[in-house]
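1. Pasted the sequence and its predicted model underneath.
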Amino acid sequence: MRHVWPPGGPPGELDRAALAEVYAYPAHPARPFVRVNFVASADGAVADAASGLSGGLAAPGDRQVFGLLRELADVVLAGAGTVRTEGYRGVRTTPGRRARRRARGQAEVPPVAVVTTTASAIGPDDALLTDTAVPPLLLTTASAAEQARRRLGGAAEVVALGEDDVAPAAALGALADRGLHRVLCEGGPTLFGAFAAAGLVDELCLSLAPQLAGAGPGRILDGPAGGGPPTPLRLASAVAHDDALLLRYRTARGDAADPP
Ligand SMILES: NC(=O)c1ccc[n+]([C@@H]2O[C@H](COP(=O)([O-])OP(=O)(O)OC[C@H]3O[C@@H](n4cnc5c(N)ncnc54)[C@H](OP(=O)(O)O)[C@@H]3O)[C@@H](O)[C@H]2O)c1
């Protein structure tokens with residue numbers, strides 16, 4: 001299904017219920033369904049050149065979609081670089097969000113799961129651990145896990161998944177073991193690159209911010225050059241709002257799991 005609202009969009013907020021229909025996950029995913037969410041400037045920047053943060057790109061419609069995608073997900077997955085740079089804390093909630101999640105058979109608040117080789121960027125005083133309704137998951141390597149458990153105590157669930165690196169498939173396996181199938185990957189570019197290279201991306205939600213950020217910031221996907229051929233995408237929905245474009249693309253993998 002393709003949704004295109006007229007440029008400029010309806011005034012004020014986007015309709016929450018209509019948006020929730022557009023962004024609904026497949027009803028009963030038999031395996032983790034990986035939705036990736038990014039905002040980029042019209043000239044392709046992943047962050048605001050001055051601050052190095054994504055917040056400088058976000059338009060009101062994008063902020064609304066960002067919150068909605070978190071509300072719909074079983075787990076928010078992010079790389080340690082994003083958690084560190086963007087100052088992650090636990091997912092914010094409201095009584096309404098909790099009630100809607102309960103009605104969908106989901107836990108009231110989704111945990112944040114951090115992918116990190118070393119786990120060194122996460123400390124016991126970080127808001128990710130101290131300002132959250134549910135403990136985060138740390139998906140890390142065997143060599144880092146023991147020390148991380150000692151440092152963080154029970155404030156995070158530390159999961160050892162590999163010797164030197166956390167393979168995206170292993171990360172998804174650990175989430176599936178915990179019943180976390182509706183995955184929202186918020187990047188950053190390095191983690192997205194790893195998932196794309198592994199062929200494990202089902203959907204890309206891309207908000208195109210109405211600005212030229214200028215030279216400097218990188219792209220939404222990063223990693224070693226010379227990977228495989230390009231991954232074709234199908235435009236599944238497009239919403240125009242306040243000069244921003246809120247795009248949702250499906251890969252063939254995503255379409256196979258949830259046929260259009
Ligand atoms: N525009 C947007 O929507 C958006 C979204 C997210 C981020 N950003 C921006 O992106 C920038 C950060 O980029 P980034 O590439 O550094 O972010 P990132 O992918 O979140 O972080 C990279 C780090 O994550 C860990 N990691 C990633 N893949 C891993 C794997 N397969 N196995 C083990 N560890 C893995 C490693 O941490 P360790 O070093 O701990 O091992 C790695 O150094 C910031 O400027 C942020 O603001 C923008």
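-> That came through fine. Numbers count the residues shown, from 1 in each chain.
2. what sits against whichever residue of the stretch 151-260 of the chain sits closest to the ligand?
-> Per C-beta to the nearest ligand atom, Gly188 is where the stretch 151-260 of the chain lies closest to the ligand, at 2.5 Å. In short, each C-beta sits where N, CA and C put it, glycine included. When contacts are counted by C-beta atoms under 8 Å, 6 or more residues apart in numbering, Gly188 touches Val46, Ala78, Gly79, Gly81, Thr82, Thr85, Asp222.
3. hmm, try it at 6 Å
-> Gly79, Gly81, Thr82 (C-beta atoms under 6 Å, 6 or more residues apart in numbering).
4. I'd guessed the last one sits against Gly187; true?
-> Yes: using C-beta atoms under 6 Å, Thr82 is in contact with Gly187, at 5.3 Å.
5. tell me which parts of the stretch 1-150 of the chain are close to the ligand?
-> 38-40, 46-47, 52-54, 78-82, 85-86, 115-118, 121 (C-beta under 6 Å from any ligand atom).
6. Compare the contacts of Gly188 and tell me which is most surrounded.
-> With neighbours taken as other C-beta atoms under 10 Å, the top of the contacts of Gly188 is Gly79, carrying 25 neighbours.
7. Distance-wise, check Gly228 relative to Thr116.
-> From Gly228 across to Thr116, the span is 25 Å (C-beta to C-beta, to the nearest Å).
8. At which residues are the strands of the stretch 101-250 of the chain located?
-> Across the stretch 101-250 of the chain, reading from the start of the chain, the strands by DSSP state E, counting those that start in this stretch fall at 112-115, 137-141, 157-162, 182-185, 203-209, 234-241, 244-250.
9. Mind jotting down where the helices sit in the stretch 151-260 of the chain?
-> Along the stretch 151-260 of the chain, the stretches classed as helices by DSSP state H, counting those that start in this stretch are 168-177, 189-197, 252-257.
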